[in-house]
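Peer 1: Below are the sequence and a predicted model for it; my questions follow.
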Amino acid sequence: MGRFDGKVVLVTGAARGQGQVEARLFAEEGASVVATDILPIVHQVFETSGIDSKQHLSLEHDSTNPKQWHQVVENAVSTFGRIDVLVNNAGVTSRTGVLETLLDEWDRVMDVNAKSVLLGMQSVLPYMKQRGGGAIVNVSSIYALVGSGASAAYQASKAAVHLLTKTAAVEYARDNIRINSVHPGIIDTPMIANMSTDRYNILVSGTPMGRLGRAEEVARGVVFLASDDASYITGTELVIDGGYTAH
C-alpha cells in the first residue's frame, strides 16, 4: 500500500530535475500523476522509469498561461475525476543584481516562479474545496529566506511564493486544504549546469554538510508534506539545504 493510493497528484516542471523525481516518487507511492512541463520531454517522465505510463498523464503546459491551466485541470479531472495534490514546481533561475536586472528579465522570472503558483492554486482550489480537502506544496528556495546579493528577480519571486503560501494556508485551513512551501538549498539539477567550478566549490564549502543536495532529497520532503503524515502541518516552510541557512 502506498501513501497516495487512489489519489491524483499534479506536478508542474516535471520534465527533469526535482520535478521529474517528484512525479516518479508520487507514482511509486500509488498516485495517478499528472506531470506537466513546457518542455516536450515531459512525455518521457514515465516512459524511461519503468513506471506504467498508462496510469498517468504527461502534458505540455506553460504554467504562466491561465487558459492552459484551465485545460490541464479539466483534463486531469475528466481523466481521473479528482485532484488531491498540487505541486507547483515549475521555475527558472536568474543571476543578475538589482542594477543589472532588465524589466523583461524581471517579468519573465516573476511570471514563471510566482505568477504560475498563483494560477495553479486558483485552478485547483475550487476542486479541492468541493471535495472536502487537499494538499498544495509550493517550491520556493532558501533565497526566499536569505539574501545572496546577485539574483534580484529570482529572490523576489521566491519570497513571493513563500508569503503567498502562508496567506493561502490561512485562508483555506478550515476547508481542510493544507498549503506549505519547500525551500531547497543548492541542489544538483540541470538548473545549475552552467555554474562555474569556482562558484560550485564556494557553495559546497559554504554548506555544513559539505556537498550539494540531490533532487530526490527535495522530492522526499515534497512527498511528505503532501501526504497524510503531515496532516497537521500547514502554512509552514520546509528548508532542505544541508545546513546552509543555519549559520
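Peer 2: All right, it came through fine. Numbers count the residues shown, from 1 in each chain.
Peer 1: When you work out contacts or count neighbours from here on, use the C-alpha atoms and nothing else.
Peer 2: OK.
Peer 1: need the contact list for residue 134.
Peer 2: Residues in contact with residue 134, defined by Cα atoms under 8 Å, 6 or more residues apart in numbering, are 83, 84, 85, 128, 176, 177, 178.
Peer 1: Take those and keep only those in strands.
Peer 2: Counting by DSSP state E, these place 85, 177, 178 in strands.
Peer 1: Out of those, which is nearest to residue 190?
Peer 2: residue 85 (24.9 Å; Cα to Cα).
Peer 1: How about the closest one: which residues does it bridge to?
Peer 2: Beta-bridge partners for residue 85, by DSSP bridges, are residue 9, residue 135.
Peer 1: how deep is it tucked in, by neighbour count?
Peer 2: 27 (other Cα atoms under 10 Å).
Peer 1: which residues touch it?
Peer 2: 7, 8, 9, 10, 134, 135, 136, 137, 226.
Peer 1: rerun at 6 Å
Peer 2: Contact analysis of residue 85 by Cα atoms under 6 Å, 6 or more residues apart in numbering lists 9, 134, 135, 136.
Peer 1: sorry, back to before: out of the contacts of residue 134, who's nearest residue 109?
Peer 2: Proximity of those to residue 109 (Cα to Cα) peaks at residue 85, which lies at 24.4 Å.
Peer 1: what separates the closest one from residue 124, distance-wise?
Peer 2: In this view, residue 85 and residue 124 are 9 Å apart by Cα to Cα, to the nearest Å.
Peer 1: picking that back up, redo the ones in strands among the contacts of residue 134 as CSV? Include distance to residue 101 and pLDDT.
Peer 2: Converted to CSV, the ones in strands among the contacts of residue 134 look like this (distance: Cα to Cα, whole Å; pLDDT from 0 to 100):
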residue, distance to residue 101, pLDDT
85, 34, 99
177, 36, 99
178, 35, 99
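Peer 1: Closest one of those residues to residue 218?
Peer 2: Taking those together and measuring to residue 218 by Cα to Cα, the closest member is residue 85, at 16.6 Å.
Peer 1: Can you verify residue 239 is assigned to a strand?
Peer 2: Yes - assigned with DSSP: H, G, I helix; E, B strand; the rest coil, residue 239 falls within a strand.
Peer 1: what residues are up against the closest residue to it other than its chain neighbours?
Peer 2: Spatially, and ignoring its direct neighbours in sequence, residue 239 is nearest to residue 183 (4.6 Å; Cα to Cα, 6 or more residues apart in numbering). With contacts defined as Cα under 6 Å, 6+ apart, residue 183 is in contact with 140, 141, 142, 238, 239, 240.
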